[in-house]
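# Pasted the sequence and its predicted model underneath.
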Amino acid sequence: MPFKHVLRRVRLRDLLEGAVVAIAFLLYFAVRGSVVDRPAEAFDNALNVIEVQRTLGFFWEPDMQDWILDNLFLVQAANIVYFWLHFPLIIAFGTYLYIRDRHRYTIVRDAFLASGAISLIVYVLYPVAPPRLLPDLAQELQRPLAEDLAVFVDTMQKYLGYAYQSQETGAFVNPYAAMPSLHFGWDFLLGLGLIWIFRRPWAIALGIALPVMQVLAITVTANHFFLDAFAGMIVSLMGIPIAIAMQEWVYPPLSRFVRARFGNLLDRELSEVG
């Protein structure tokens, strides 16, 4: 195949991927804009989540954070897991699949995007403040707060020097996206993806370890509740059958449409999507 055709093919696929990412970010910012001015609702919903956990007997987050706050090593380990064992690993894994196996890359990508789309709907309908924001929101809204809820510490800000609500990052972060936790849900999907793609002992061990470490990290750093993690797992699992359905019912007719309308060049390119 002539080199210029190779370049054209790469560019078409890359443009398609770029468009998908751009649409996802536009949707995210649209959702962020719709919830950022609803702190009272997010505060009340967080208290509802806590009440459900109390009723079910597993509101352990304040005690868990209290156990590690005096141990700088454990605090920083949780911060590092929360920050570095999420998007950096997802990007690395996605890049590897994009280069090595476009078909399975697309299945994994669609599972992530579908679960993300479902989560965006939940964020609009049910904004939830993370534990770390409860003390500040209680003061801002002049609301009473139980003693065990007033002790949450933003460990990322205090010990790592990074705050999601800071001026530098606040414009890019939805402050009330605690439920569901895609931080856990997407690490759960990442673990499943590693096991599915590599099917070796190290991949199985890493695929199990990642979500286990992440569920501990998101709770002891006061970024999520356990119920958020459970919801994140459910939403992420919902993304898998949607991704499979895309392979069966969306991409084949899409390829036929492209073949009929735009000829072989774009047809070959889009057929790789499925």
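That came through fine.

# got the residue ranges for the strands in the stretch 101-250 of the chain?
Remark: no strands are assigned in the stretch 101-250 of the chain by DSSP state E, counting those that start in this stretch.

# Tell me which stretches of it form helices.
102-125, 134-141, 155, 182-198, 201-220, 226-245 (DSSP state H, counting those that start in this stretch).

# and residue 92, which of those helices is closest to it?
Checking the helices of the stretch 101-250 of the chain against residue 92 by Cβ to Cβ gives helix 182-198 as the closest, at 9.9 Å. The C-beta positions use only the backbone N, C-alpha and C, and glycine is treated the same way.

# Can you give me the buried ones in the closest one?
Buried residues in helix 182-198, defined by neighbour count with 16 or more other Cβ atoms under 10 Å: 182-195, 197.

# Please apply the same query to stretch 66-74.
68-69.

# Contacts only, for the spatially closest residue to residue 97 that is not a sequence neighbour.
Excluding the flanking residues, the one nearest residue 97 by Cβ to Cβ, 6 or more residues apart in numbering is residue 105, at 3.7 Å. By Cβ atoms under 8 Å, 6 or more residues apart in numbering, the contact set of residue 105 is 94, 97-98.

# do the same with residue 185
Residues in contact with residue 185 (Cβ under 8 Å, 6+ apart) are 115, 119, 229, 231-233, 235-236.

# circling back: turn the helices of the stretch 101-250 of the chain into CSV, columns for distance to residue 46 and mean pLDDT.
Listed next are those as CSV, based on distance: least, Cβ to Cβ, whole Å; pLDDT from 0 to 100:
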stretch, distance to residue 46, mean pLDDT
helix 102-125, 13, 94
helix 134-141, 6, 96
helix 155, 18, 94
helix 182-198, 16, 97
helix 201-220, 14, 98
helix 226-245, 10, 98
